[in-house]
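[1] Got a sequence here, can you model it:
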Amino acid sequence: MDCSFLSLEGKVALVTGGSRGIGKAIALLFATAGAHVAVASRKIAGVQAVADEITTMGRQSLAVAAHARKPDELTQLVRTVMERFGRIDILVNNAATNPGMGPLVDTDTTLFDQIMETNLRGYFVVSREVGRIMREQADGVIINISSAGGVSPAENLGPYCISKAAINMLTKAMALELGPHNVRVNAIAPRFVKTGFSQALWSDERLMEKEYAQVPLKRIGTTDEIARSALFLASSAANYMTGQVVVINGGAFL
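    Coordinates of the predicted model:
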């Protein structure tokens, strides 16, 4: 069977939060599918290791340090990618944080702002800058890594869930505006995925017992499974798909 519709041959992708977990898995799979990949994260060492791995695969790569809470660094990130590659065909917004848990009524304003600045404003700034480029190109794909918590709230994760719900609306609003310019914008909303980011959750046996009682597949997701969904959305296989939030949750009823 011809599966060339999943090819990203010759495309240029930018993946934020690309040093580990879901972002790293997406960056490596995109390179496997033929893309040249720029990876960004707060610390250069992590993304440089990913970029080096991509280079060994015969693809061009670029590692850039950029803090998701610093708009100037995010704007410069996009400029740097354009200077190197001359275009951006695919953007994956993945950089996120969740430094604290607890009831919303006990949440400190500083913590709330930190989550919103990273998870929401960071996505907005990069999407705005790249969206302008894609609008000029009359071609492009933006994929936002959201969360099932943005569709149905999770206890003690209120600020994080609120930020992800806002990302879902950011996705739909940008899809509406950029669709006439042949730019597609979709989001992926995973439930639990086994990453370092979520280790405090999946390493809690009691919490996982409750989780498996709600999930028909009786397990949590993997980074490779999320990456494959991102590949689908980035490829021509999803050419008529925009403004969607794809929930990947093992069959849990939200």
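
[2] Quick check: Arg42 touching Ala68?
    Yes: contact criterion C-beta atoms under 8 Å: Arg42 and Ala68 qualify, at 7.0 Å. Every C-beta, even on glycine, is put in place using the N, C-alpha and C of the backbone.

[3] between those two, which one's more packed in?
    Remark: of Arg42 and Ala68, Ala68 carries more neighbours, 26 against 19, as counted by other C-beta atoms under 10 Å.

[4] Mind naming the longest strand for the protein?
    Criterion DSSP state E: the longest strand present in the chain is strand 183-190.

[5] Run me through the strand neighbours of it, direction for each.
    Strands that pair with strand 183-190, judged by DSSP bridges, come out as strand 140-145 (parallel), strand 245-248 (parallel).

[6] which other residues reach the helix or strand just after the longest one?
    Tracing the chain C-terminally past strand 140-145 and defining elements by DSSP states H and E, one meets helix 158-178 next. Defining contact as C-beta atoms under 8 Å, 6 or more residues apart in numbering, one finds that helix 158-178 is touched by 93, 96, 98, 100, 103-104, 107, 111-112, 115-116, 119-120, 123-124, 127, 131, 134-135, 140, 142, 144, 146-147, 149-151, 153-154, 184-187, 189, 242-245.

[7] sorry, back to before: what does the average pLDDT come to for the longest strand of the chain?
    Computed over strand 183-190, the mean pLDDT rounds to 97.

[8] Just the buried ones among the contacts of helix 158-178, please.
    93, 96, 98, 100, 107, 111-112, 115-116, 119-120, 123-124, 127, 131, 134-135, 140, 142, 144, 146-147, 149-151, 153-154, 184-187, 189, 242-245 (16 or more other C-beta atoms under 10 Å).

[9] if we can go back for a sec, shared neighbours of Arg42 and Ala68, anything?
    Joint contacts of Arg42 and Ala68 (C-beta under 8 Å, 6+ apart) are Ala95.

[10] pLDDT weak spots in the chain?
    For the chain, applying pLDDT under 70 flags the ranges 1-2, 196-202, 204, 254.

[11] Quick check: which element contains Leu217?
    Using DSSP H and E, Leu217 sits in no helix or strand.
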